[in-house]
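Q: Sequence and predicted structure are below.
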Amino acid sequence: MAAPEEHDSPTEASQPIVEEEETKTFKDLGVTDVLCEACDQLGWTKPTKIQIEAIPLALQGRDIIGLAETGSGKTGAFALPILNALLETPQRLFALVLTPTRELAFQISEQFEALGSSIGVQSGKCLRGKGS
């Protein structure tokens, strides 16, 4: 089997690469210790299904399309790999996350700041639309 190329098509998270029974911690998924500690501080005791399926692929630089219910851990599934990559290549401006609603923008921003608080992550929000 050939190794995946860097620009492969997105991998759907509905096709699990990592079995849930085998992976029980964020560290098992490849998340750095400092971010694992942040997960502990947030009360994230173990990764959710979407996180188990998406994080290892995202850490490999793969594109992910993940579908999961509200409250299933989708933000952590993409925020942890982004923060992991930021730790590897520190820079002032690193990621842009687009959201369909202002409420979601605030929620995601709060999660990034909570997960990245020990490494000094700051997030900003640009909001546009009615009432802006």
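A: Arrived safely.
Q: Now do the most centrally placed residue in the chain against residue 120, distance only.
A: Nearest to the geometric centre of the chain sits residue 78, at 2.0 Å (Cα atoms, centre = their mean). Distance of residue 78 to residue 120, computed by Cβ to Cβ, to the nearest Å: 20 Å. (Glycine included, C-beta is placed from N, CA and C.)
Q: ok, now residue 36?
A: Taken as Cβ to Cβ, the span from residue 36 to residue 120 is 17 Å.
Q: Output the lowest mean pLDDT helix or strand found in the protein.
A: strand 11-12 (a mean of 52; mean pLDDT, DSSP states H and E).
Q: what comes up buried for the helix or strand just after it?
A: For strand 11-12, the following helix or strand on the C-terminal side (DSSP states H and E) is helix 26-29. With burial defined by 16 or more other Cβ atoms under 10 Å, the residues of helix 26-29 counted as buried are 26, 28-29.
Q: Remind me what helix 26-29 packs against, helices and strands.
A: helix 33-41, helix 49-59 (3 or more Cβ pairs under 8 Å, 6 or more residues apart in numbering; DSSP states H and E).
Q: Tell me which strands whatever helix or strand comes next after the last one pairs with, and in which orientation.
A: Think helix 49-59. Using DSSP H and E, the helix or strand that follows helix 49-59 in sequence is strand 64-65. The sheet places strand 64-65 alongside strand 11-12 (parallel), with pairing taken from DSSP bridges.
Q: Was I right to think residue 86 contacts residue 123?
A: No: between residue 86 and residue 123 there is no contact under Cβ atoms under 8 Å: 11.4 Å.
Q: list the contacts for residue 100?
A: The contact partners of residue 100, taken as Cβ atoms under 8 Å, 6 or more residues apart in numbering, number zero.
Q: So for it, what's the pLDDT?
A: Per-residue confidence (pLDDT) for residue 100: 93.
Q: what's the answer for residue 19, then?
A: Predicted confidence (pLDDT) for residue 19: 51.
Q: Same check on residue 53?
A: So, for residue 53, pLDDT stands at 96.
Q: Quick check: the gap between it and residue 36.
A: Residue 53 is 18 Å from residue 36, by Cβ to Cβ.
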